[in-house]
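1. Here is my input; please provide its structure:
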Amino acid sequence: MTVARTTAFQVRTPAQAEALLDFTYGARLLEQFLHPRTPSQAAHALAEPANRIAYHVRKLADAGLLHVAGHQGKRVLYQVVAQTFHVPRALVRLDEPLTLIEPVMRDITTAYAHAVLEWQARRDPQSSVGDGSQLTVHLDGSGQEESFTQTPEGPYPPAMRIRTVHLTPEHYQQAQAALDGLLTDLASEDDTSSAKKSTFIVMGFSGALHDT
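-> The predicted model follows:
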C-alpha cells in the first residue's frame, strides 16, 4: 500500500489555504487519505453521509490537495499529495481570525450543549447523590484563574476542564506533545460492542482567558 509522500506541499493559493484550514472538512478529512481510499470508505470511517464527504473530497481534489491514486472497480481512489503542508502567513488571514475559528467553535459549542442535554435526559431526578445524577465542580485551590473542572458523573459524562498555568516554552511544547500522544493512543484503541464514539478537544494558547 502506498503512503503519502514525505516532501512537504507548499500551499500557494487562497483556495488551497481555505480548503486545508477548514476545521471540519480540511485536514481532518485529508487524514483519511494518507493511503489510497474511496470517498465512501472515508465517509464510513467518519460516520458521515457519503454524499457530503464526496462533495468535500471533490473540493479538496479541485484545490490540488488530493490526487487520484487509482481505481477500485468503478470507484476512484484518492490520496493526499503530501503529509505535511506549509501555509504562508499571508494566506492564513491572521487579520480575520474569526473567519477560521468562529465556525468550528460554534460547532463545538453546539455539540457540547447537546451532550449536556443528553446527560440531563439520562439522569433520574429521584436518584440519590453519587449515582451519576449530579454535576461536580472541583476547585483545586491553586489560586489560578479558570482552574475549576466540571465533571458530570455517570457513563460518558460531558466534561469541561479549563486550566491556566505558567509554563516555559519547552514545557508548553512538552505538554502539547503529551496530549497529542494521549489522543493518538486513544484513537488506536480497538472498537468493541460497548464502545461509543467520543470527542476530546485540546486547545492551548499563551495568556489567560481574561487578560487585560
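2. use CA for all of it now, contacts and neighbours both
-> Noted.
3. so where's the protein shaky on pLDDT?
-> 1-6, 93-100, 123-153, 190-191, 211-212 (pLDDT under 70).
4. residue boundaries of the helices in it?
-> Counting by DSSP state H, the chain has helices at residues 14-20, 27-30, 39-46, 50-62, 97-122, 169-187.
5. now for these, which one comes closest to H86?
-> Among the helices of the chain, the nearest to H86 by C-alpha to C-alpha is helix 14-20 (9.4 Å).
6. From the contact counts, what lies against that closest one?
-> Applying 3 or more C-alpha pairs under 8 Å, 6 or more residues apart in numbering; DSSP states H and E, one finds that helix 14-20 makes contact with helix 50-62.
7. What residues of the helix it packs on count as buried?
-> I53, A54, H56, V57, R58, K59, L60, A61 (16 or more other C-alpha atoms under 10 Å).
8. what's the closest of the residues you listed to L183?
-> The closest of these, once distances to L183 are taken by C-alpha to C-alpha, is I53, at 23.6 Å.
9. which residues touch the closest one?
-> Listed by C-alpha atoms under 8 Å, 6 or more residues apart in numbering, the contact partners of I53 are P39, S40, A42, A43.
10. isn't the second one right next to A50, touching?
-> Think S40. Yes: counting by C-alpha atoms under 8 Å, S40 sits close enough to A50 to count as a contact (5.4 Å).
11. From T184, how far off is G26?
-> Remark: distance between G26 and T184 (C-alpha to C-alpha, to the nearest Å) = 19 Å.
12. cool, and H44?
-> 20 Å.
13. rewinding a little: just the closest of the buried residues of helix 50-62 to H114, please.
-> Distances from H114 to the buried residues of helix 50-62, taken by C-alpha to C-alpha, are shortest for I53, at 23.1 Å.
14. So that closest one versus T13, what's the distance?
-> Going from I53 to T13 by C-alpha to C-alpha gives 23 Å.
15. Likewise for Y172?
-> Y172 is 32 Å from T13, where distance means C-alpha to C-alpha.
16. Convert stretch 54-73 to PDB, retaining C-alpha atoms only.
-> The C-alpha coordinates for stretch 54-73 follow below in PDB (Å, rounded to 0.1, in the frame of the first residue of the first chain):
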ATOM      1  CA  ALA A  54     -17.800  13.100  -1.700                       C
ATOM      2  CA  TYR A  55     -18.700  16.800  -2.100                       C
ATOM      3  CA  HIS A  56     -15.800  17.900   0.100                       C
ATOM      4  CA  VAL A  57     -13.400  15.300  -1.400                       C
ATOM      5  CA  ARG A  58     -14.100  16.900  -4.800                       C
ATOM      6  CA  LYS A  59     -13.300  20.400  -3.300                       C
ATOM      7  CA  LEU A  60     -10.000  19.100  -1.900                       C
ATOM      8  CA  ALA A  61      -9.100  17.500  -5.200                       C
ATOM      9  CA  ASP A  62     -10.000  20.600  -7.100                       C
ATOM     10  CA  ALA A  63      -7.800  22.600  -4.800                       C
ATOM     11  CA  GLY A  64      -4.900  20.200  -5.600                       C
ATOM     12  CA  LEU A  65      -4.600  18.700  -2.100                       C
ATOM     13  CA  LEU A  66      -5.800  15.300  -3.100                       C
ATOM     14  CA  HIS A  67      -4.900  13.400  -6.300                       C
ATOM     15  CA  VAL A  68      -6.300  10.300  -8.000                       C
ATOM     16  CA  ALA A  69      -4.200   7.300  -6.800                       C
ATOM     17  CA  GLY A  70      -6.000   4.600  -8.800                       C
ATOM     18  CA  HIS A  71      -9.400   2.900  -9.000                       C
ATOM     19  CA  GLN A  72     -11.200   0.200  -7.100                       C
ATOM     20  CA  GLY A  73     -13.600  -1.200  -9.700                       C
END
